[in-house]
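Asker: Below are the sequence and a predicted model for it; my questions follow.
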Amino acid sequence: MRDGQRFAEELNWPAGLGSEGSKGLLDLIKQNPGTIGCVELSYARQNGVPVASVENRAGQFVQPTPAAASAAISSFRDALENDVRTPIVDPPATAKDAYPISGLTFILLWKDRPAADRQRAVEDFISYAISSGQDSAEELSYAKLPDAVQKHAEALLGELTSNGQPLR
């Protein structure tokens with residue numbers, strides 16, 4: 001069982017409704033006027049779900065936008081350069097335009113895979129997504145990755161192997 005799954009099953013919520021996955025949550029929100037839920041911005045936009053401004057530490061009510069997520073990411077620049085797993089939730093008050101419940105998405109890959117062609121295909125796709133694919137990020141309701149995070153991801157991709165041998 002995944003840790004998040006175990007946590008969700010062990011946690012005894014005092015009130016509220018549960019659902020499975022983003023679609024289940026979205027259906028629940030639509031069926032219950034006044035319901036508050038948390039889904040990815042792109043998913044909310046694709047499905048015409050209204051989004052909420054949330055007050056950040058600077059006392060500003062900020063709409064969820066790629067720019068507001070970028071502001072959150074930027075406020076953690078130094079920490080992210082040291083560890084890309086750094087949470088970017090609840091940025092400091094100096095990040096006046098930051099959306100306070102932003103997050104980074106991670107991709108987990110097999111470092112070594114027996115089929116070299118499949119491993120190269122994975123490497124090529126991820127390389128595109130973290131480099132030139134970033135040009136499409138904002139139109140898809142995502143924030144661009146900072147250069148330091150892109151460089152770190154590229155370095156990790158360079159460690160992928162097939163049967164213990166480098167891909168390139």
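Answerer: In hand now; what should we look at?
Asker: Strands of this protein, residue ranges please.
Answerer: Taking DSSP state E, the strands of the chain run over residues 54-55, 61-62, 161-162, 165-166.
Asker: Strand partners (parallel or antiparallel) of the second one?
Answerer: Read it as strand 61-62. In the sheet, strand 61-62 lines up against strand 54-55 (antiparallel) (DSSP bridges).
Asker: contacts for the partner strand?
Answerer: For strand 54-55, contacts defined as CB atoms under 8 Å, 6 or more residues apart in numbering pick out 61-62, 64, 99-101. Quick note: C-beta positions are derived from backbone N, CA and C, even for glycine.
Asker: List the buried residues for the longest helix belonging to the chain?
Answerer: With secondary structure taken from DSSP state H, the chain has its longest helix at helix 116-130. By neighbour count on 16 or more other CB atoms under 10 Å, the buried set for helix 116-130 is 119, 122-123, 126-127, 130.
Asker: For that helix, name the packing helices and strands.
Answerer: Contacts defined by 3 or more CB pairs under 8 Å, 6 or more residues apart in numbering; DSSP states H and E place helix 116-130 against helix 147-157, strand 161-162.
Asker: possible to save these as TSV with mean neighbour count?
Answerer: Shown next, in TSV, are the helices and strands packed on helix 116-130 (neighbours: other CB atoms under 10 Å):
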stretch	mean neighbour count
helix 147-157	14
strand 161-162	16
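Asker: So which of the ones you listed is nearest E138?
Answerer: Closest to E138 of the helices and strands packed on helix 116-130, according to CB to CB: helix 147-157, at 15.2 Å.
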